[in-house]
Each structure stands twice: as C-alpha cells, then as structure tokens.
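Asker: Quick one, what's the 3D model for this:
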Amino acid sequence: MLETLNEDRSHLISGIKRYSRDQERRAQALDRHLTEMVELERDSTEAATRRLSEMRRSIEIEQRAFDDREKSIMYLCTRPVVVEQRLGVLARTIAGYLD
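Answerer: So this is what the prediction gives:
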C-alpha cells in the first residue's frame with residue numbers, strides 16, 4: 001500500500017514538473033513574440049503591419065492558454081498532498097489495529 005501511494009505521489013510530482021517546464025517554455029515563447037512585436041511596431045511597411053496584426057491575434061490566444069494553465073497549477077500542486085493525507089489516514093487506521 002505504501003509503495004503504491006508513493007508511486008502515485010511520485011507520478012503526480014513528475015507531472016507537475018513537466019507541466020511547469022512546459023509553462024516556462026510557453027512564457028519564453030510569449031516573450032520572444034512580444035519582443036518581435038516591439039520591433040515590428042517600429043517598422044511602418046505594409047508587410048510589418050500585417051505581420052503585427054497576425055501576431056496580436058496569435059499572442060492573445062497564446063496568452064489566454066498560458067493564463068488558463070497557470071490557474072491550474074495550484075490545483076495540480078494539491079494532488080500530492082491529498083495522496084499524503086490518504087496515506088496518513090491509512091497509517092493511523094493500521095496503527096489503531098496494532099494497539
């Protein structure tokens with residue numbers, strides 16, 4: 001039982017780490033896009049204006065996805081705690097039978 005719950009907890013923590021790394025990559029991509037947008041705003045050509053318009057729409061979608069995922073992190077981080085609480089309840093129950 002301890003091994004199973006520990007594996008569950010480890011699996012959850014690995015998932016949180018992957019999720020966080022993915023968020024970091026998304027943040028870096030957004031930063032690169034914003035930097036490119038600043039450069040495009042200085043360029044008054046029609047091509048730059050079109051590209052800037054496209055990027056604004058794209059960044060809006062990417063930012064929304066990033067923000068939604070960011071809100072989920074708190075929930076994900078509580079999952080290993082729930083496993084630990086379950087383990088505590090089981091340990092106390094077993095200890096009660098041993099006394």
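
Asker: Which residue ranges of this structure form helices?
Answerer: 2-42, 46-98 (DSSP state H).

Asker: which helices and strands does the last one pack with?
Answerer: Under the contact criterion of 3 or more Cβ pairs under 8 Å, 6 or more residues apart in numbering; DSSP states H and E, the helices and strands touching helix 46-98 comprise helix 2-42. In short, each C-beta sits where N, CA and C put it, glycine included.

Asker: Please state the offset of the helix it packs on from the chain centre?
Answerer: 5 Å (Cα atoms, centre = their mean, to the nearest Å).

Asker: With stretch 81-89 instead?
Answerer: That offset, for stretch 81-89, works out to 23 Å (Cα atoms, centre = their mean).

Asker: hang on, the earlier thing: a markdown table for the helices of the chain, including mean neighbour count and mean pLDDT?
Answerer: Formatted as a markdown table, these follow (neighbours: other Cβ atoms under 10 Å; pLDDT from 0 to 100):
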| stretch | mean neighbour count | mean pLDDT |
| --- | --- | --- |
| helix 2-42 | 13 | 93 |
| helix 46-98 | 12 | 92 |
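
Asker: What distance do you get for the residue of the chain most remote from its centre to Arg92?
Answerer: Residue farthest from the centre of the chain, counting by Cα atoms, centre = their mean, is Asp99 at 44.0 Å. In this view, Asp99 and Arg92 are 11 Å apart by Cβ to Cβ, to the nearest Å.

Asker: Need the overlap of contacts for the two.
Answerer: By Cβ atoms under 8 Å, 6 or more residues apart in numbering, Asp99 and Arg92 have no common neighbours.
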